[in-house]
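Undergrad: Build me a model:
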Amino acid sequence: MNKKLIRKISLTCNDDKRSKYPEKKWKVIKPQYTSKKNFNLEDRAKNLIDIKNILDDLEVPFFLTHGALLGVYREGDFIKYDDDIDLDIFEEIFLLKYDQICDALIENGFVVRGRKIQYRGEKGEKVNLYRNKDKVNIRGIYIDSDYKENKYYLTNVFQYLRKFHENPDTIVFKGVTFMTPGPIEDFLVYCFGKNWRTPAYKTKKSKEKGQERGVRRSSV
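TA: Below is the predicted model:
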């Protein structure tokens with residue numbers, strides 16, 4: 001895809017006016033860049049490995065997490081009905097290198113859709129990435145001392161016990177080593193329950209929901 005077009009339809013927080021593509025216009029063309037079924041897992045793996053190379057070059061550590069980690073650990077590949085990859089980055093690092101991250105991703109063919117945080121100190125930043133009709137979520141994780149006795153790392157959606165990200169584990173996928181919350185199996189129990197080894201499509205509830213579930217952030 002043409003890099004000028006990728007930059008034009010991306011939305012990041014930097015000062016580049018070319019990156020201010022409004023959400024209303026994005027919703028019209030979004031179906032061209034993402035899919036809800038018939039995922040190409042080889043393309044997904046290439047996206048993940050390319051993102052790792054980009055973040056490694058920028059010295060930005062990240063965690064492979066949630067449904068992507070579940071599939072890689074349990075099945076040796078992504079879950080065939082999961083529609084994205086989930087990555088966590090400590091938010092203080094994420095914001096510090098946000099522009100560099102976004103620019104490098106765009107240069108490598110990813111459409112980057114963030115939010116207009118304008119460095120206002122908002123917490124729970126995230127970006128969605130799109131390439132080859134596949135989606136990747138990158139979420140900033142942060143600590144809020146006023147939230148439940150400071151026991152959790154938070155995202156804009158999820159809450160994780162701090163111990164998982166403060167004592168990381170690793171997993172090898174496609175010959176590449178990825179950092180994960182740890183220990184992996186304890187994290188998977190926390191996110192998906194004690195029956196995480198059983199694929200969700202084999203349970204009645206998951207047939208209704210159609211996807212794995214995780215620990216959503218609750219209110220204060």
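Undergrad: Which residue ranges of the protein form strands?
TA: Listed in chain order, the strands of the chain (DSSP state E) span 63-65, 85-90, 111-113, 126-131, 134-141, 152-154, 159-161, 169-173, 176-180.
Undergrad: So which of the ones you listed is the most surrounded?
TA: Across the strands of the chain, the average number of neighbours (mean count of other Cβ atoms under 10 Å) peaks for strand 63-65, which reaches a mean of 25. Quick note: C-beta positions are derived from backbone N, CA and C, even for glycine.
Undergrad: What strands flank it, and is each parallel or antiparallel?
TA: Partners of strand 63-65 in the sheet, by DSSP bridges, are strand 85-90 (antiparallel).
Undergrad: when you compare where the strand it pairs with runs with where strand 126-131 runs, what's the angle?
TA: Computed with axes from the mean of the first three to the mean of the last three Cα atoms, to 10 degrees, the direction of strand 85-90 lies at 140 degrees from that of strand 126-131.
Undergrad: Verify the stated contact: residue 45 with residue 175.
TA: No. Counting by Cβ atoms under 8 Å, residue 45 does not reach residue 175; the two are 10.4 Å apart.
Undergrad: Between the strands of the chain, which one is closest to residue 73.
TA: strand 169-173 (6.1 Å; Cβ to Cβ).
Undergrad: For the closest one, give me every contacting residue.
TA: 45, 48, 64, 69, 72-73, 177-184, 187 (Cβ atoms under 8 Å, 6 or more residues apart in numbering).
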